[in-house]
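J.: just need the structure, nothing else, for what follows:
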Amino acid sequence: MSSYGAVAYISRGFETTLMMSKNRVAPLKKLTIPRLELMAAVTGARLCHHIIQQTGLSDVCLWSDSQIVLHWLVSKKTLLRFVQNRLTEIQSLTQNREWSFYPTHENPADLLTRGLSASQLQLSELWFKGPTWISTPDAWSEWQPTSDMVTVATVTATNNSQEFIDVKRFSSFQKLIRVTAYVLRFIHYCRNGRNPAGIKLTIQEMTEAETACIRTCQMTSYPEEIQCLKDNKKVSPLVKQLKLFMKDNVIRCGGRIHNAALEEETKHPILLSAKHAFTHLVAKDAHERLHHAGPSSTITLLSGKYWIPAIRPCVRSI
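T.: So this is what the prediction gives:
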């Protein structure tokens, strides 16, 4: 998201016309998407204030396609200073008017962030006339704030399951874990409204992030085995062969060395698929920690924590 903005329309009866728009280039300092959407709302509030001053219009409606921003606008909790300062400005400029929600694909201001060619702009009904429902109040969508500022989708063990974070976008195991840890911290902060203990990630946060990535890998790769372990009815060949069991929602392998004087993760390694992108990052990280040792040394290190069927071709490819 390299820019943000707002657009205003004037509506008379069933006729709506573009009145004015305003956009800004995103700052060089990287901001999160919710904060950029909040900046877009500030731009919209300033645009609203300017139009009211110049035209004397009083019947004004405000919309945003960001539910996080809408939650912030009605939140009674103490928010971070960056967010709170801009919410104060929005409420002052708009005289505490209520905001409503509408889908992104019906947002003409979204065209300011994506850009259009001249020919596309000339043909854009959405840009020049706004959404079709804007002149029909009865068709306006209703939005009610929920108790949580962020709704987290639970990854389910189905063929259509989506990954918690797109692992394929990362080339480093450590970077993937850090990004996941910050996402989990943000979710925890939104749910509880408390600032994190410090800027640096803790060992516990890193461990929870790694566990989340492992669960996602297993849900994507072994949905049938997970269902079998949960139902305790039908046993798949892999469950029987590796004596799989669930512990803390993570699939582990059984074996005949459960009485050995070894660490728990060595006696009951975590099952990973050799074809999953997360497993490739794990193997690459082990290879680099061994200062680029050969396949045998890398496999030995991995086997102390993970069980990866067809591990040698996977390691050799790295």
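J.: which residues in this protein form strands?
T.: 3-12, 15-25, 62-64, 99-101, 245-247, 250-252, 270-271, 306-307 (DSSP state E).
J.: excluding covalently adjacent residues, which one is nearest to residue 260?
T.: residue 267 (6.1 Å; C-beta to C-beta, 6 or more residues apart in numbering). In this view, the C-beta of every residue, glycine as well, is placed from N, C-alpha and C.
J.: look at that neighbour and say how many residues are nearby.
T.: Applying other C-beta atoms under 10 Å, we find 17 other residues in the vicinity of residue 267.
J.: can I get the strands of the chain in CSV with mean pLDDT?
T.: Shown next, in CSV, are the strands of the chain (pLDDT from 0 to 100):
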stretch, mean pLDDT
strand 3-12, 90
strand 15-25, 90
strand 62-64, 90
strand 99-101, 88
strand 245-247, 88
strand 250-252, 92
strand 270-271, 94
strand 306-307, 92
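J.: and of those, who's closest to residue 39?
T.: The minimum distance between residue 39 and these falls on strand 3-12, with 5.5 Å, by C-beta to C-beta.
J.: can you list the strands that the closest one pairs with?
T.: Next to strand 3-12 in the sheet, as set by DSSP bridges, lie strand 15-25 (antiparallel).
J.: contacts for the strand it pairs with next, please.
T.: Here strand 15-25 makes contact (C-beta atoms under 8 Å, 6 or more residues apart in numbering) with 2-11, 39, 43, 46-47, 50-51, 109, 112-113, 127-130, 134-135.
J.: of those residues, buried ones?
T.: 4-9, 11, 39, 43, 46-47, 51, 109, 112-113, 127, 129-130, 134-135 (16 or more other C-beta atoms under 10 Å).
J.: hmm, back to that, can you list the strands of the chain in a markdown table and add distance to residue 189?
T.: Output for the strands of the chain, formatted as a markdown table (distance: least, C-beta to C-beta, whole Å):
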| stretch | distance to residue 189 |
| --- | --- |
| strand 3-12 | 23 |
| strand 15-25 | 27 |
| strand 62-64 | 21 |
| strand 99-101 | 23 |
| strand 245-247 | 28 |
| strand 250-252 | 25 |
| strand 270-271 | 28 |
| strand 306-307 | 31 |
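J.: what about these, which gets the closest to residue 231?
T.: strand 245-247 (11.5 Å).
J.: does anything pack onto that closest one? Which helices or strands?
T.: Contact partners of strand 245-247 among helices and strands, from 3 or more C-beta pairs under 8 Å, 6 or more residues apart in numbering; DSSP states H and E: helix 223-231, strand 250-252.
J.: so which of those gets nearest residue 188?
T.: Closest among the helices and strands packed on strand 245-247, using C-beta to C-beta: strand 250-252, at 20.1 Å.
J.: now do the buried residues in that closest one.
T.: Those buried within strand 250-252 under the rule 16+ other C-beta under 10 Å are 251, 252.
J.: so that it lines up with my notes, have the first residue be 39 from now on.
T.: From this message on, residue numbering opens at 39, which makes the last subject strand 288-290.
J.: what's that strand packed up against?
T.: helix 241-259, helix 261-269, strand 283-285, strand 308-309.
J.: can I get these in CSV with distance to residue 102 and mean neighbour count?
T.: Listed next are those as CSV, based on distance: least, C-beta to C-beta, whole Å; neighbours: other C-beta atoms under 10 Å:
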stretch, distance to residue 102, mean neighbour count
helix 241-259, 30, 18
helix 261-269, 37, 16
strand 283-285, 42, 12
strand 308-309, 43, 20
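J.: weakest of those by average pLDDT?
T.: Of all the helices and strands packed on strand 288-290, the minimum mean pLDDT falls on helix 261-269 (a mean of 82).
J.: what helices and strands are in contact with that helix?
T.: Packed next to helix 261-269, using 3+ C-beta pairs under 8 Å, 6+ apart, are helix 275-280, strand 283-285, strand 288-290.
J.: repeat that with 10 Å
T.: helix 241-259, helix 275-280, strand 283-285, strand 288-290 (3 or more C-beta pairs under 10 Å, 6 or more residues apart in numbering; DSSP states H and E).
J.: can you list the helices and strands packed on strand 288-290 in JSON lines and add distance to residue 349?
T.: Conversion of those to JSON lines gives the following (distance: least, C-beta to C-beta, whole Å):
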{"stretch": "helix 241-259", "distance to residue 349": "14"}
{"stretch": "helix 261-269", "distance to residue 349": "18"}
{"stretch": "strand 283-285", "distance to residue 349": "20"}
{"stretch": "strand 308-309", "distance to residue 349": "11"}
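J.: state which helix of this structure is the longest.
T.: helix 71-93 (DSSP state H).
J.: which strands and helices sit next to that one?
T.: Partner elements for helix 71-93 (3+ C-beta pairs under 10 Å, 6+ apart): strand 41-50, strand 53-63, strand 100-102, helix 105-112, helix 119-131, strand 137-139, helix 148-152.
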